[in-house]
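1. Show me the folded form of this:
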Amino acid sequence: MPPRTPRHSPLAERMRPKRLDDFVGQQHLVGEGKFLRQLIEGGTIPSLVFWGPPGSGKTTLATILAQAVSAHFVFFSAVISGVKEIRQIVEQAKILQEQSTQPTILFVDEIHRFNKSQQDAFLPHVESGLLTLIGATTENPSFEITAPLLSRCQVLLLAPLRPADIAHVIRRALTDDTDGLGREHLIIEEEPLRLLAEAADGDCRRALNYLETAVYLVLDACRDTASGEQQRIITTACVRETLQQKTLRYDADGEEHYNLISALHKSLRDSDPDAAMYWLARMLAGGEDPIYLARRMIRFASEDIGNADPHALAVALNCRDAYHMLGSPEGDLALIQAAAYLATAPKSNALYAGFAKVRADIQRTGSLPVPLHLRNAPTKLMREFGYGQGYQYAHDDRDALVAQKHLPPELTGAIYYEPTNRGYEAVIKDRLTKWKQILKQRAQHHAHKKNTE
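-> A predicted model of the protein is given here:
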């Protein structure tokens, strides 16, 4: 079969490694003495789940494993296949097992797209050993794969490829005469190579797609002026034209969404404005709903700042309103302003912690009645039952302080709000301490007066 040219098959598919020694990246799995290399050397492949971002090598590793143990490899896409196809694969696997003892490795791409009943269809055949299942997913298996199936598979985490790894793959593609672009006599300068490797964002497939487009641009530009023997150069200008608008790895409903919002929240909490601005901008660039980000910052203002800076909630609310008025891109800056303000504000979770204590006590004690002296008494009957009796009106006191109980008797002495020494909460704390001292002194005075009478 003659070598395939760039215009007949995607470069990323042609350059897929056939042997583990040619695989780039994931050294924690394929390096000397590491798990996957040991599996190949041992000749036995268990059921696995490859969890990693696009272009990290999930399909390639599954193919290499199957070839290494001479297994019948079946590619199965969860996007276009269902239970009917599973039954057909099972029947074929039974025939192979009976006739040649050849094992069947079933590779399920995007296995997280299967529902529970579809995933359950694999169980008896994985359990019996008829099928060795290798699933690939970009989503967290803990949430997307059923517990019974997950317990029968070992989960392997794949990382995005490093720019240096992707640069290595690009160089290999440019020099490979059989499956790559070696016959085109192309060279690439260091700067455009770096741009391509970084723009791929850890995705090897994306890098090769970028490279293929850049090569088309170079070949088209010099088709009428360059001879077939002349070297063609992939320049920085050519790569910038290829990249146009960089697409970031982001799924607004998936694992990366939760990873990034967690990074944003923790950066705000840890008072790091640079990181907070970075993660917020990353989510905006990935297509996240700006109003969602505004809502998260409104929540943060109460949860992690609270009364340490009472203005924080107003800033977060104003940020949402500003974005509503301006939209993108003008309103994006209001989000960035809010993130910087919240990150640099004094922090307190006293309200959050206090609310948790309140809810726990409510759960424990149930619907405790309101003390009679705190109840309104608009009717004669209610007054006869003691509603409002003994209530002290705070404004009648010179300090607007009264010594009366406001919690149900069962919760006497409970303290829910404990302000910190940070920001405005330090003022609140001093104020509460002062009030308690005044009331304590009054109580001691009244006790002393009573004892001397």
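2. going forward, measure contacts between C-alpha atoms and count neighbours the same way
-> Noted.
3. After the helix or strand containing Ile166, which helix or strand is next? Please name it.
-> Secondary structure from DSSP states H and E places Ile166 in helix 163-175. Of the helices and strands lying after helix 163-175 in sequence (DSSP H and E), the nearest is strand 186-188.
4. circling back to that earlier point, so which elements touch the helix holding Ile166?
-> Helices and strands touching helix 163-175, as assessed by 3 or more Cα pairs under 8 Å, 6 or more residues apart in numbering; DSSP states H and E, comprise helix 190-199, helix 204-222.
5. now for the ones you listed, which one comes closest to Asp321?
-> helix 190-199 (34.1 Å; Cα to Cα).
6. Give me the average confidence score over that closest one.
-> Mean pLDDT, computed over helix 190-199, is 90.
7. in that helix, what's buried?
-> Buried residues in helix 190-199, counted by 16 or more other Cα atoms under 10 Å: Pro192, Leu193, Arg194, Leu195, Leu196, Ala197, Glu198, Ala199.
8. can you pull the contacts of the third one?
-> Contact criterion Cα atoms under 8 Å, 6 or more residues apart in numbering gives Pro163, Ala167 as the residues in contact with Arg194.
9. where's it relative to Ile415, distance?
-> To Ile415, Arg194 is 59 Å away according to Cα to Cα, to the nearest Å.
10. ditto for the fourth one
-> Plainly put, Leu195 is 58 Å away from Ile415 if you go by Cα to Cα.
11. And the first one, by the same measure?
-> Distance of Pro192 to Ile415, computed by Cα to Cα: 63 Å.
12. Just the buried positions in the helix or strand bottoming out on mean pLDDT in the chain, please.
-> The helix or strand of the chain with the poorest confidence is helix 83-100; it has a mean of 77 (mean pLDDT, DSSP states H and E). Going by neighbour count (16+ other Cα under 10 Å), the buried part of helix 83-100 is Val83, Ile86, Ile89, Val90, Ala93, Lys94, Leu96.
13. what's it in contact with?
-> By Cα under 8 Å, 6+ apart, the residues outside helix 83-100 that reach it are Val74, Gln102, Pro103, Thr104, Gln118, Ala121, Phe122, His125, Leu130, Leu131.
14. Quick check: the two most widely separated of the residues you listed?
-> Gln102 and Gln118 (25.1 Å).
15. Give me the neighbour count for the nearest residue to Glu110 once chain neighbours are set aside.
-> Excluding its sequence neighbours, the residue lying closest to Glu110 (Cα to Cα, 6 or more residues apart in numbering) is Thr137, at 4.8 Å. Around Thr137 there are 22 other residues, counting by other Cα atoms under 10 Å.
16. can you give me the strands for the stretch 251-400 of the chain?
-> For the stretch 251-400 of the chain, no strands are identified by DSSP state E, counting those that start in this stretch.
17. For stretch 398-407, which outside residues touch it?
-> With Cα under 8 Å, 6+ apart as the test, stretch 398-407 has contacts from Val370, Pro371, Leu374, Tyr391, Gln392, Tyr393, Ala394, His395, Thr412, Trp435, Leu439.
18. rerun at 10 Å
-> Residues outside stretch 398-407 that contact it (Cα atoms under 10 Å, 6 or more residues apart in numbering): 368-371, 373-374, 390-396, 412-414, 435-436, 438-440, 442-443.
19. ok, now stretch 32-42?
-> Contacts for stretch 32-42 (Cα under 10 Å, 6+ apart): 20-21, 27-31, 43-46, 61, 64-69, 156.
20. Go ahead and produce CSV holding the CA coordinates of that stretch.
-> Extracted in CSV, the C-alpha atoms of stretch 32-42 (Å, rounded to 0.1, in the frame of the first residue of the first chain):
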residue,chain,number,x,y,z
GLU,A,32,10.3,1.8,32.3
GLY,A,33,8.8,-0.3,35.1
LYS,A,34,5.5,1.6,35.0
PHE,A,35,2.1,0.0,35.1
LEU,A,36,1.1,-0.2,31.4
ARG,A,37,4.6,-1.4,30.3
GLN,A,38,4.4,-4.1,33.0
LEU,A,39,1.0,-5.2,31.7
ILE,A,40,2.4,-5.6,28.1
GLU,A,41,5.5,-7.5,29.3
GLY,A,42,3.2,-9.8,31.4
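21. For stretch 36-55, buried residues please.
-> For stretch 36-55, the neighbour count (16+ other Cα under 10 Å) marks 36-40, 45-55 as buried.
22. What's the end-to-end length of it?
-> Start and end residues of stretch 36-55 are separated by 18 Å (Cα to Cα).
23. what ranges of the stretch 51-200 of the chain fall below the confidence cut-off?
-> Scanning the stretch 51-200 of the chain with the threshold set as pLDDT under 70 gives 78-83.
24. So for the helix or strand harbouring Leu29, what gets flagged as buried?
-> Applying DSSP H and E as the criterion places Leu29 in helix 27-30. Neighbour counts over helix 27-30 (16+ other Cα under 10 Å) mark Leu29, Val30 as buried.
25. Which strands or helices does it pack on?
-> Judged by 3 or more Cα pairs under 10 Å, 6 or more residues apart in numbering; DSSP states H and E, helix 27-30 is in contact with helix 35-42, strand 154-157.
26. And the strands in the stretch 1-150 of the chain?
-> 48-51, 72-77, 104-109, 131-137.
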